[in-house]
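Take a look and give me a structure for this.
(one chain, ligands or ions: 1)
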Amino acid sequence: MPEGPLLTQLDLELRGIRKRYGSFTAVDGVSLEVGKGQFVCLLGPSGCGKTTTLRCIAGLEEPDDGDILIGGREVTGDPPWKRDIAMMFQDFALFPHMSVAKQIGFGLEMQGRPRAEIEARVREVLASFEILPLADRRPASLSGGQKQRVALARAMVTEPRILLLDEPIGALDYSLRETVMLELKLLQQRSGISFIWVTHDQNEAFSLGDLVVVMNHARIEQQGPPEEILARPRTPFVAGFVQGNNVFRGKAGAIEAGLLRIVTEVGEFLVPAGAHTAAPGALVSFSVRAERIIDQPDAAVRNRVTGRCTAVEFFGAVRRHVLELADGSLLKYDQFGALAPRFVTGQVVDLGWRAEDAVLHAP
Ligand SMILES: Nc1ncnc2c1ncn2[C@@H]1O[C@H](COP(=O)(O)OP(=O)(O)OP(=O)(O)O)[C@@H](O)[C@H]1O
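Okay, here's the model as predicted:
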């Protein structure tokens, strides 16, 4: 196939990557396209295959099937050092006996660059990561945040096309993470290097990623910009995994005026049918976000339920009410701002949502 302009613009392309360990399939047909300088987050629960996918991209694992292209060039059988990538691990893997300046220059030394060039480049990187005063220190004397910057500087100094990061801020104190995330995003944008960032933390993925790739059981369930994944979860797994969704399952009824009727244990609801053609009686699922729930809905609100409030929780700017429905399932209703709670534990209330606020999942 001729190499068109579109192909060469991609920093990374995975075509049907499959990796087995004995009879266990850790990655099952993963395909992904990463544009120039994109920030991609691989998100999913423990064991879903994120790290194995990253290790295949790095060349630390060889896939059983599929192709890997970096910068439009096939690299599937190449060793890591021939791939125009760098990696950063959760424990940072700094060399304990080397000064900060020395380890930042290490990759350039390995490339056999002239000494003067290495010195100049290391100073430049130390300055841009604001760690010049740490140049002569050893890793043992650095704080977690400082180690993180050194590891990142070391990974980015050779200007790889792609930086692969496995839970890179997982070891940092929670209070540090927000600042570090902001810094990392700015550094990534300035560098133009694509980041492939593995995390099980959806806050990280949604605040950093241009593209979020949600994995489950060795496969990609959904990929897209964060807004799209939040607003339009494609499967019940994605809807359930992403905070704040209420997921309902039921049987498909008729479609009228573009709305599919769904019969559940707690009532009948109308959901925009979109392009879906669910046969009557087919099992289907849909979700509605907690902030879309309406308290004391008026007659125009066609989807309605009754629930008993079991808890009122408060996180940051959101007050979440948890209600038990007739079948024992729980419904979340979020209220924004530091307003008084709408109701108290034990109270039985009517709630609803507009049909257009519900999202039908793919069959
Ligand atoms: N070398 C190996 N031999 C056998 N099984 C493995 C090997 N490496 C990974 N696995 C299995 O493959 C599956 C996917 O592992 P992977 O590390 O990719 O998951 P993950 O999504 O990164 O999880 P976590 O967030 O816990 O790191 C797991 O069930 C794991 O036990």
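
going forward, measure contacts and count neighbours with C-alpha atoms only.
Fine.

buried residues in stretch 112-124?
Neighbour-count burial for stretch 112-124 flags 118, 121, 122, 123 (criterion: 16 or more other CA atoms under 10 Å).

let me fix that: stretch 265-273
Residues 266, 268, 269, 270, 271, 272, 273 are the ones in stretch 265-273 that count as buried (16+ other CA under 10 Å).

mind listing what's buried in stretch 331-343?
Within stretch 331-343, the residues that count as buried by 16+ other CA under 10 Å are 331, 332, 333, 334, 335.

check contacts around the one residue in the stretch 151-300 of the chain that gets nearest to the ligand.
The minimum distance from the stretch 151-300 of the chain to the ligand, using CA to the nearest ligand atom, falls at residue 200 (5.9 Å). Going by CA atoms under 8 Å, 6 or more residues apart in numbering, residue 200 touches 43, 44, 45, 46, 167.

From those, list just the buried residues.
So, by 16+ other CA under 10 Å, the buried ones in the contacts of residue 200 are 43, 44, 45, 167.

I figured the second one was touching residue 217, is that so?
No - here residue 44 does not reach residue 217: they are 9.1 Å apart, not a contact under CA atoms under 8 Å.

So which of the buried ones among the contacts of residue 200 belong to strands?
Judged by DSSP state E, the subset of these located in strands is residue 43.

among the buried ones among the contacts of residue 200, which are within reach of the ligand?
Restricting the buried ones among the contacts of residue 200 to those within reach of the ligand (CA under 6 Å from any ligand atom) leaves residue 45.

Residue 313: which of the buried ones among the contacts of residue 200 is nearest?
For those, the closest approach to residue 313 (CA to CA) belongs to residue 45, at 24.2 Å.

per-residue pLDDT, the closest one?
With respect to pLDDT, residue 45 scores 94.

Kindly report the same for residue 322.
Reported pLDDT for residue 322: 94.

Residue 179: how many residues sit nearby?
11 (other CA atoms under 10 Å).

Confirm that it sits in a strand.
No - if the criterion is DSSP: H, G, I helix; E, B strand; the rest coil, then residue 179 is helix and not within a strand.

Could you list the contact residues of this protein toward the ligand?
21, 26, 45, 46, 47, 48, 49, 50, 51, 52, 200.

any idea what sits nearest the fifth one, other than its immediate chain neighbours?
Translated: residue 47. Residue nearest to residue 47 in three dimensions, not counting chain neighbours: residue 217, with 7.5 Å by CA to CA, 6 or more residues apart in numbering.

hang on, residue 37 is in a strand, isn't it?
No - Residue 37: not assigned to a strand; according to three-state DSSP it is coil.

what sits against it?
Going by CA under 8 Å, 6+ apart, the list of residues near residue 37 reads 11, 188, 189, 192, 193, 194, 195.

Looking at it now. What's its pLDDT?
Confidence at residue 37, expressed as pLDDT, is 94.

same thing with residue 335?
pLDDT, read off for residue 335, is 88.

Residue 2 too?
At residue 2, pLDDT is 47.

can you check residue 136 too?
On pLDDT, residue 136 comes in at 94.

Can you list phi and psi of the closest residue in space to it that isn't next to it in sequence for me?
Once flanking residues are discounted, residue 136 sits nearest to residue 99: 5.2 Å by CA to CA, 6+ apart. Per-residue torsions, residue 99: phi -70, psi 160 (degrees, to the nearest 10).

Just to check, residue 99 is in contact with residue 140?
No - with contact defined as CA under 8 Å, residue 99 does not reach residue 140; the gap is 10.0 Å.

So for those two, which sits in the more crowded spot?
residue 99 (17 against 12).

Could you check how far that one is from residue 264?
Distance, residue 99 to residue 264, using CA to CA, to the nearest Å: 63 Å.

same check, this time on residue 205
Residue 205 is 32 Å from residue 264, by CA to CA.

okay, the two: which has more neighbours?
residue 205 (24 against 17).

list the helices and strands the helix or strand containing the more buried one packs on?
If you go by DSSP states H and E, residue 205 is part of helix 202-208. Counting contacts by 3 or more CA pairs under 8 Å, 6 or more residues apart in numbering; DSSP states H and E, helix 202-208 is packed against strand 39-43, helix 174-191, helix 226-231.

give me that answer again for 10 Å
On a contact count with 3 or more CA pairs under 10 Å, 6 or more residues apart in numbering; DSSP states H and E, helix 202-208 meets strand 39-43, helix 174-191, strand 194-199, strand 211-216, helix 226-231.

Compute the inter-axis angle for the shortest one and strand 194-199.
Meaning strand 39-43. Strand 39-43 and strand 194-199 are oriented at 20 degrees to each other (axes from the mean of the first three to the mean of the last three CA atoms, to 10 degrees).

what's the next secondary structure element after strand 39-43?
Proceeding C-terminally, strand 39-43 gives way to helix 50-58 as the next helix or strand, assigned by DSSP H and E.

now that following helix: mean pLDDT?
Averaged across helix 50-58, the pLDDT comes to 95.

Can I get that helix in CSV, CA atoms only?
The C-alpha coordinates for helix 50-58 follow below in CSV (Å, rounded to 0.1, in the frame of the first residue of the first chain):
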residue,chain,number,x,y,z
LYS,A,50,-3.1,-1.7,29.5
THR,A,51,0.4,-2.4,30.5
THR,A,52,0.8,-5.3,28.1
THR,A,53,-0.4,-3.1,25.2
LEU,A,54,2.2,-0.5,26.3
ARG,A,55,4.9,-3.1,26.5
CYS,A,56,4.1,-4.3,23.0
ILE,A,57,4.4,-0.7,21.7
ALA,A,58,7.7,-0.4,23.6
